[in-house]
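Participant: sequence unknown, structure follows:
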Ligand SMILES: Nc1nc2c(ncn2[C@@H]2O[C@H](COP(=O)(O)OP(=O)(O)OP(=O)(O)O)[C@@H](O)[C@H]2O)c(=O)[nH]1
C-alpha cells in the first residue's frame, strides 16, 4: 500500500479545516478537538482500501502545525523549529493561501521557511469561488514564479471543488508504506497509537533480532501539559530472559531506546516529551485481545 504523512500549513482562516473536511468527508475517522493549540496534531486520517485490482490501498495522515508564524519570543521560535522538523519528515506539504503575497498577509514568512525544505510542496489557492479570475491569475503567477511548488491548484474547499485532483496528486507523491492506523480506527487519541509505533520501531532497531518473538508497546499514560507531553509506556515481551536483553547492561539499551523514541515523538508532536519506559513480561501477548485491539496488528505479522 501507499501511505505517508502530509503537513498542512496556512494562515488562520485560509480554509485548512474546510479542505480537510472535504478530503475526509464521510471517511473521517479522527479529528482532534483542540482548536488552535500550539502543538502539531494529527488532524485526520484518510484511508481508502482498493476496490479494484488496479487500485492500491492508501493511507494519508494529515498533520497540522499551527505554531508556524513569525516568532515573537523564545517559545515561538522553538515551536517554529519543531514545525520545520515536522515538515522535513512528512512526505508532502500542502500550503494553502487565499490572497496575494503583496497583501502582506504573513505568508512570506512561511514561504521563506518552506524554501529550504526539500519535501514536495503543493500549493492550494483556496476560495476560488470568490476570487476574481484576474486576481487568481496574479496569485498563481506570483507563486509559480518561485519555482518551489510541485503543483499549484485552485480550489473551493467549501464546495469540494478540485479536492479530488488534490487527493490524486498527494497519492502520486506517496511511496509504499505501512498502514499506520487500522482502517476503521476510531479514537480521540491517534497520537497514542503512533507514539506506541515509534517506540516499537526504535526498540526493534536497538534489539536487532535479539528478541525472537518481538515486542508490543502499550501507552499507559499520556498527558499533555503546557509545553511538554508526558508519556509512560510499557514494552511487553514474552519471556523473562527477553526482559533482560531489552533493559541491557546497566539499563543502557532501554535508555537508548527511550532517547531515540523521545526524539522521534518530539518531532511528531512538536512538544517537548518526557518519556518513561517500563519493560514487562506478558506471555503469549501475541494471542491476546489486548495485543490485537491495542496495536492494530493484523494476522500477517
Ligand atoms: N468562499 C469560500 N469560503 C471558504 C472556503 N473554504 C473555507 N472558507 C471559509 O473560510 C473560513 C475559514 O475556514 P477554516 O476552514 O475554518 O479555516 P482554517 O484555515 O482552518 O482556520 P484556523 O482553524 O483558524 O486556522 C470559514 O468561514 C470557511 O467557511 C472556500 O473555498 N470558499
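Facilitator: Okay, I see it. As the structure is a prediction and not an experimental result, all values here were calculated from the model. Residues are numbered from 1 along each chain as shown.

Participant: The helix or strand that residue 114 is a member of packs against which elements?
Facilitator: With elements taken from DSSP states H and E, the one containing residue 114 is helix 107-115. Identification of packing neighbours for helix 107-115 by 3 or more Cβ pairs under 8 Å, 6 or more residues apart in numbering; DSSP states H and E yields helix 74-89, strand 92-97. All C-beta spots, glycine's among them, are computed from the backbone N, C-alpha and C.

Participant: what about it, near the ligand?
Facilitator: No. Shown here: helix 107-115 not in contact with the ligand (Cβ under 6 Å from any ligand atom), separated by at least 12.4 Å.

Participant: follow-up on the earlier one: include mean pLDDT when you put the helices and strands packed on helix 107-115 into a markdown table, please.
Facilitator: What follows is the helices and strands packed on helix 107-115, written out as a markdown table (pLDDT from 0 to 100):
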| stretch | mean pLDDT |
| --- | --- |
| helix 74-89 | 73 |
| strand 92-97 | 94 |
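
Participant: most tightly surrounded among those?
Facilitator: strand 92-97 (a mean of 24; mean count of other Cβ atoms under 10 Å).

Participant: That one vs helix 107-115, what angle?
Facilitator: 160 degrees (axes from the mean of the first three to the mean of the last three Cα atoms, to 10 degrees).

Participant: Get me the contact residues on this structure for the ligand.
Facilitator: With the criterion set to Cβ under 6 Å from any ligand atom, the chain comes near the ligand through 10, 12-18, 126-127, 129-130, 156-158.

Participant: at 5 Å what do you get?
Facilitator: Within reach of the ligand by Cβ under 5 Å from any ligand atom, the chain has these residues: 12-18, 127, 129-130, 156-158.

Participant: Let me know the closest of those to residue 149.
Facilitator: Minimum separation from residue 149 among the residues of the chain next to the ligand (Cβ to Cβ) is found for residue 14, which lies at 15.6 Å.

Participant: Let me know the secondary structure of the closest one.
Facilitator: Residue 14 falls in the coil class when you classify it by DSSP: H, G, I helix; E, B strand; the rest coil.

Participant: Quick one, grab the pLDDT at it.
Facilitator: Here, the pLDDT recorded for residue 14 equals 86.

Participant: Quick check, it in contact with residue 97.
Facilitator: Yes. At 6.2 Å, residue 14 and residue 97 qualify as touching, with contact defined as Cβ atoms under 8 Å.

Participant: any common contacting residues for these two?
Facilitator: When contacts are counted by Cβ atoms under 8 Å, 6 or more residues apart in numbering, the set common to residue 14 and residue 97 consists of residue 126.

Participant: ranking the residues of the chain next to the ligand by neighbours, who comes first?
Facilitator: Comparing those by number of neighbours (other Cβ atoms under 10 Å), residue 157 comes first, having 26 neighbours.

Participant: can you map out the strands along the protein?
Facilitator: Taking DSSP state E as the test, the strands found in the chain are 2-9, 41-48, 58-64, 92-97, 121-126, 151-155, 175-176, 216-224, 228-237, 272-281.

Participant: neighbouring contacts of the third one?
Facilitator: If I follow you right, that is strand 58-64. Residues outside strand 58-64 that contact it (Cβ under 8 Å, 6+ apart) are 1-9, 16, 20, 23-24, 40-48, 86, 90, 170-171, 174, 177, 179-181, 183, 194, 268.

Participant: can we see that at 6 Å?
Facilitator: Contact partners of strand 58-64, identified using Cβ atoms under 6 Å, 6 or more residues apart in numbering, comprise 2-3, 5-8, 20, 40, 42-48, 171, 179-180.
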